[in-house]
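Q: just to be clear, the model below is a prediction. Sequence and coordinates:
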Amino acid sequence: MATERILITGANGLLGQELVRQLSRRDSYELLATGRDPASRLKGSLDHSYKPLDVCDSGRTQKIFDEFSPEYVINCAAITAVDDCENDRDACWRVNAEAVGNLAKLCHGRGAHLIQLSTDFVFNGKDGPYYEHNRPDPVNFYGKSKLAGENAARAACMGKLAIIRTNVVYGRSNGLSRPDFVGWVIKNLTHKHPIQVYTDQWRTPSYTYDLAMGILRLVHFRKSGVYNLSGREFLSMYEFAQSIAEAFDLDSTLITPIVQQDKPQLAQRPERTGLVILKSETELDYRPLSLKEALAHLHLRSQMTSTGSPFEDAWC
């Protein structure tokens, strides 16, 4: 049976790791995972090839393309720490915009299909949740850099391009330099540390397992265009934190509700973003778990890790 060659950039990140887990188990794909680290962060029984790659290194990137000849490129490489993007705009722009344009040109020149990961932060947060066709208007540099990446990909890739917008990504991970929101809540509440969480930031949190399944369906159906992939529930980050505490049997009284005016962040955050996933449900048969189901699924994985299974989850 013929296999399709898929290159993942940023494979050691949160979503990249889940994509490696899912793709490496399927015989219909030949996978090459790449990332800035010298080795893959995933160990154990996963059968996958890995090569170091900084997507800002155009020469190295071209060499990887020449050697592997990918048919699909899933670009998970990005700087996603919003305040870091504000502090170091040059680095942010190189990774989130310029490197995307280079990847898109390489894909176009070789007939490869680019799947570019983007964000709900391309919107201003006044009228969310958002459809794919809504007009972008980012309020911080991270959002501007990701929108520039979308546009750079469109300019170079022509037809073979899918842009996936998501938000508040959480899931199973190994060796990340900073935890996702779920990991941050669990770590603090486990150690009885009180936390403050915003009631005026509204999102549709996205479980990496669901995102990976959605991306696999996009590859299967050979789709191009813009697709929203996230969870269904639209809720405040405070409500999300409360749900996490309940799912992991932690003390929710340690969570204090605040508004952005009480504790401003370096980079402005849009208030009401989140995504409408009707197009993905219709065209991709995308069926994400409910928030309760996703957190239970993640909790089960963490329990299996603690009892000696080959899972790599770690927060505390």
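A: Arrived safely, thanks for sending.

Q: distance check, Gly183 against Val169.
A: According to CB to CB, to the nearest Å, Gly183 and Val169 sit 11 Å apart. All C-beta atoms are positioned from the backbone trio N, CA, C, and that covers glycine.

Q: which ones are touching Lys279?
A: Going by CB atoms under 8 Å, 6 or more residues apart in numbering, Lys279 touches Tyr131, Glu132, Tyr227, Asn228.

Q: any chance of a ChimeraX selection covering the buried ones in those?
A: To isolate the buried ones among those in ChimeraX, judged by 16 or more other CB atoms under 10 Å, type:
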select :132,227,228
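
Q: pull the most distant pair out of the contacts of Lys279.
A: Tyr131 and Tyr227 (10.9 Å; CB to CB).

Q: can you show me the helices along the stretch 101-250 of the chain?
A: Ranges of helices in the stretch 101-250 of the chain, per DSSP state H, counting those that start in this stretch, are 141-157, 181-190, 208-221, 237-247.

Q: number of residues surrounding Ser28?
A: 13 (other CB atoms under 10 Å).

Q: show the pLDDT at it.
A: For Ser28, the model assigns a pLDDT of 92.

Q: doesn't Arg5 make contact with it?
A: No: using CB atoms under 8 Å, Ser28 makes no contact with Arg5, being 11.0 Å away.

Q: one step back: for the contacts of Lys279, which one is nearest Ala156?
A: Tyr227 (19.2 Å).

Q: contacts only, for that closest one.
A: Neighbour list for Tyr227: Glu132, Ala162, Ile163, Ile164, Arg165, Gly214, Leu218, Lys279, Ser280, Glu283, Leu284 [criterion: CB under 8 Å, 6+ apart].

Q: quick check on the residues you listed: which are buried?
A: Glu132, Ala162, Ile163, Ile164, Arg165, Gly214, Leu218, Lys279, Ser280, Leu284.

Q: about what we covered before: just put the helices of the stretch 101-250 of the chain in JSON lines and tack on mean pLDDT.
A: Shown next, in JSON lines, are these (pLDDT from 0 to 100):
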{"stretch": "helix 141-157", "mean pLDDT": "98"}
{"stretch": "helix 181-190", "mean pLDDT": "97"}
{"stretch": "helix 208-221", "mean pLDDT": "98"}
{"stretch": "helix 237-247", "mean pLDDT": "99"}
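
Q: of all the ones you listed, which one is nearest Arg89?
A: Using CB to CB, the helices of the stretch 101-250 of the chain put helix 141-157 closest to Arg89, at 5.6 Å.

Q: which strands or helices does the closest one pack on?
A: helix 82-87, helix 89-93, helix 99-110, strand 113-119, strand 161-166 (3 or more CB pairs under 8 Å, 6 or more residues apart in numbering; DSSP states H and E).

Q: just these: most buried one?
A: Each of the helices and strands packed on helix 141-157 was given a mean neighbour count from mean count of other CB atoms under 10 Å, and the largest, a mean of 25, is that of strand 113-119.

Q: pull the residues that contact that strand.
A: Contacts of strand 113-119 (CB under 8 Å, 6+ apart): 15, 71-76, 78, 80, 100, 103-104, 107, 142-143, 146-147, 149-150, 153, 157, 160-167, 215, 218-219, 222, 224.

Q: quick one on the thing from earlier: could you dump the contacts of Lys279 to TSV with pLDDT and distance to Ala296?
A: Formatted as TSV, these follow (pLDDT from 0 to 100; distance: CB to CB, whole Å):
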residue	pLDDT	distance to Ala296
Tyr131	99	29
Glu132	99	29
Tyr227	99	26
Asn228	99	24
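
Q: just give me the closest of the contacts of Lys279 to Leu266.
A: Here the nearest of these to Leu266, counting by CB to CB, is Asn228; it sits at 27.0 Å.

Q: surely that closest one and His133 touch.
A: No: with contact defined as CB under 8 Å, Asn228 does not reach His133; the gap is 10.4 Å.

Q: distance check, His220 against Ser58.
A: 31 Å.

Q: now Leu114
A: For Leu114, the distance to Ser58 equals 15 Å [CB to CB].

Q: may I have the secondary structure class of Asn96?
A: helix (DSSP: H, G, I helix; E, B strand; the rest coil).

Q: out of everything not next to it in sequence, what's closest to it?
A: Nearest-residue entry for Asn96: Ser145, 3.7 Å, with adjacent residues in sequence omitted and distances by CB to CB, 6 or more residues apart in numbering.

Q: for the one you found, grab the count of nearby residues.
A: Here the number of neighbours of Ser145 (other CB under 10 Å) works out to 26.

Q: lovely, talk soon.
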